[in-house]
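In: I need the structure of the sequence given here:
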Amino acid sequence: MIERPTARYGQQRLSRSARRWIVIGLTALVVITGVAIAGVAFPRFGSGDVKGELGGYRVLDPHTVDITISVTRDDPSRPVVCIVR
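Out: Residues are numbered from 1 along each chain as shown. Have a look, this model is predicted:
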């Protein structure tokens with residue numbers, strides 16, 4: 001292969017196979033990182049121990065609604081936050 005002057009043409013690019021392996025490696029790294037984050041986050045933030053059920057609602061005026069919600073949880077000693085949207 002002919003040696004090119006770096007000052008004139010810049011650094012030589014990686015070969016196509018080297019670039020392909022870099023892309024495959026980075027993609028695998030992103031997927032493995034995502035699975036690891038999901039595996040750590042699901043037990044902490046996943047639902048299952050708390051269940052909510054809409055009991056009923058009544059429209060009081062155009063800006064106010066009276067809502068009855070039943071919340072059940074397996075372990076009452078653990079704090080829970082309910083968000084109604």
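
In: Please make it C-alpha for all contacts and neighbour counts, starting now.
Out: Fine.

In: that's a strand at residue 35, yeah?
Out: No. Going by DSSP: H, G, I helix; E, B strand; the rest coil, the assignment for residue 35 is helix, not a strand.

In: count of residues packed around it?
Out: 12 (other Cα atoms under 10 Å).

In: cool, the one 3 residues further on as well?
Out: Per other Cα under 10 Å, the neighbour tally for residue 38 reads 14.

In: Just to be sure, it is in a helix?
Out: Yes. Judged by three-state DSSP, residue 38 forms part of a helix.

In: Next one, pLDDT for it please.
Out: Note on residue 38: pLDDT of 92.

In: any idea how far it is from residue 29?
Out: Look at residue 38 and residue 29: by Cα to Cα, to the nearest Å, they are 14 Å apart.

In: again with residue 57
Out: When distance is defined by Cα to Cα, residue 57 is 48 Å away from residue 29.
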